[in-house]
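Visitor: Just the structure for this:
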Amino acid sequence: MADDLRTRESLRRKALWTLSHLVPGDPKAAAILDVLADIEAHELIGQNRNQPVLDIDAARKAALIERHSSGVSLVREASIPQPWRERFLQASIGSTRLITGPYAHDWEKFLTEWQAEMKHLDAHMSARRARYQ
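Guide: Have a look, this model is predicted:
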């Protein structure tokens, strides 16, 4: 299951990064939108009805921020609920961090960027719907 989540979020991350370079309505976005729709469909099928996926605000509230002895704030990685933890890890590949955890400002930046990416994705989906009406 963890490998499925890792693979899914890796695919989603690559698709979102690729989509970020395209303007809504660009025909090149069609295949990327199909990948993202497929990921979402698989999530809905595999979703545990007893444990719904937390929205972004709930994920933000669940994550524990702690002050490190160096004076920087870190997010306790284990406190980030899935799939948000894996989304954050995929978006953070190559980022610096301490052994004890990622920087809290990187977590906050990820959440802000996620919201912007979802707005951009919505704009692409709206342009796609308008094109086929």
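Visitor: list the helices and strands the lowest-mean-pLDDT helix or strand in the chain packs on?
Guide: Sorted by mean pLDDT, DSSP states H and E, the helices and strands of the chain end with helix 30-46, the least confident at a mean of 89. Applying 3 or more C-beta pairs under 8 Å, 6 or more residues apart in numbering; DSSP states H and E, we find helix 30-46 packed against helix 2-19, helix 104-131. For the C-beta atoms, the positions are set from N, CA and C on the backbone; glycine is no exception.
Visitor: Identify whichever of these lies nearest to residue 54.
Guide: Proximity of the helices and strands packed on helix 30-46 to residue 54 was assessed by C-beta to C-beta; the nearest stretch is helix 104-131, lying at 12.2 Å.
Visitor: tell me the angle of that closest one relative to helix 2-19?
Guide: What separates the directions of helix 104-131 and helix 2-19 is an angle of 70 degrees, with axes from the mean of the first three to the mean of the last three C-alpha atoms, to 10 degrees.
Visitor: Please point out which parts of helix 104-131 sit buried.
Guide: For helix 104-131, a neighbour-count test (16 or more other C-beta atoms under 10 Å) marks 104, 106, 107, 110, 111, 114, 117, 120, 121, 124, 128 as buried.
Visitor: which SSE is the most centrally placed residue in the chain in?
Guide: Central residue of the chain (C-alpha atoms, centre = their mean): residue 87, 4.2 Å from the mean position. Taking DSSP states H and E as the criterion, residue 87 maps to helix 84-91.
Visitor: That'll do, ta.
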